[in-house]
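A.B. asks: Generate a structure from the sequence data that follows.
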Amino acid sequence: MQDAKTRCPWCGTDPLYVAYHDREWGVPEHDSRALWEKLILDGFQAGLAWITILRKREAFRAAFDGFHPETIARWGDAEVTRLLADPGIVRHRGKIEAAIASARAYLAVQERMPFADYLWRHLDGQPLQNNFATLGEIPTETELSRRISRDLKSDGFKFCGPTITYAFLQATGLVNDHLTSCHRHKALSPPP
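C.D. replies: Numbers count the residues shown, from 1 in each chain. The predicted model follows:
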């Protein structure tokens, strides 16, 4: 039996991608550690298709000790070498070193305020509701993503340019970019 729901076309028909679209993408995330994990994964996605990262997500979680920033912040050359030999993840020295630096940055931010508050303050705690009808209308970066990217970089985060940051904002529900024809757009929009 075929699923009759209308979805954003980017997820195609791959069951893993469809489940991600229907259950995770665009759902407002308020857990600081979960937000940090997604930011790191979006950094690893740079230059690749998101489905590549999605298929490797559990291997990333295992390799990165469940994305516990307190642990990762203490890592050095030995852990970088170990990760570069792990075929289950994207083996890119710059991205691995960026994850370690970003763990340290995350902990420094957390001393000032929860990372979730650090991000959501840009939107007064409410997701930005877009109303795009086609994929062509959706930008790859915005003034919001440029501003948050600047903040992240100034606080020591790496691999978080405005395009990566915009993808992160979409994925974590700070921005609702489900197309208006998608069944998730209305579900993630505030009541009228």
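A.B. asks: only C-alpha atoms for contact and neighbour calcs from this point on.
C.D. replies: Fine.
A.B. asks: all helices of the protein, in order?
C.D. replies: Remark: helices assigned in the chain by DSSP state H are 15-23, 32-45, 50-63, 69-72, 77-84, 93-112, 115-120, 143-154, 162-171, 183-187.
A.B. asks: Let me know which of these is tucked in deepest.
C.D. replies: Here the criterion is mean neighbour count by mean count of other CA atoms under 10 Å, and of the helices of the chain the winner is helix 162-171, at a mean of 23.
A.B. asks: which residues touch that helix?
C.D. replies: The contact list for helix 162-171, computed with CA atoms under 8 Å, 6 or more residues apart in numbering, reads 24-27, 38-39, 42-43, 46, 140-142, 145-146, 148-149, 175-177.
A.B. asks: mind running it again at 7 Å?
C.D. replies: Defining contact as CA atoms under 7 Å, 6 or more residues apart in numbering, one finds that helix 162-171 is touched by 25-26, 38-39, 42-43, 46, 140-141, 145-146, 149, 175-177.
A.B. asks: again with stretch 181-192
C.D. replies: 5-8, 22, 27, 129, 133, 178-179.
A.B. asks: just stretch 138-146 next, same as before
C.D. replies: 132, 162-163, 165-166.
A.B. asks: Out of these, the closest to residue 101 would be?
C.D. replies: residue 165 (16.6 Å; CA to CA).
A.B. asks: what distance separates stretch 161-178 from the middle of the whole chain?
C.D. replies: Relative to its chain's centre, stretch 161-178 lies at 7 Å (CA atoms, centre = their mean, to the nearest Å).
A.B. asks: Could I get the average pLDDT for it?
C.D. replies: For stretch 161-178, mean pLDDT rounds to 98.
A.B. asks: now the end-to-end length of it.
C.D. replies: Counting by CA to CA, to the nearest Å, you get 22 Å between the two ends of stretch 161-178.
A.B. asks: Make 17 the first number, not 1, from now on.
C.D. replies: With 17 as the first residue, the last one maps to stretch 177-194.
A.B. asks: can I assume residue 130 is in contact with residue 48?
C.D. replies: Yes: assessed by CA atoms under 7 Å, residue 130 is found in contact with residue 48 at 6.4 Å.
A.B. asks: Quick one: low-confidence residue ranges for the protein.
C.D. replies: Across the chain, the ranges flagged by pLDDT under 70 are 17-19.
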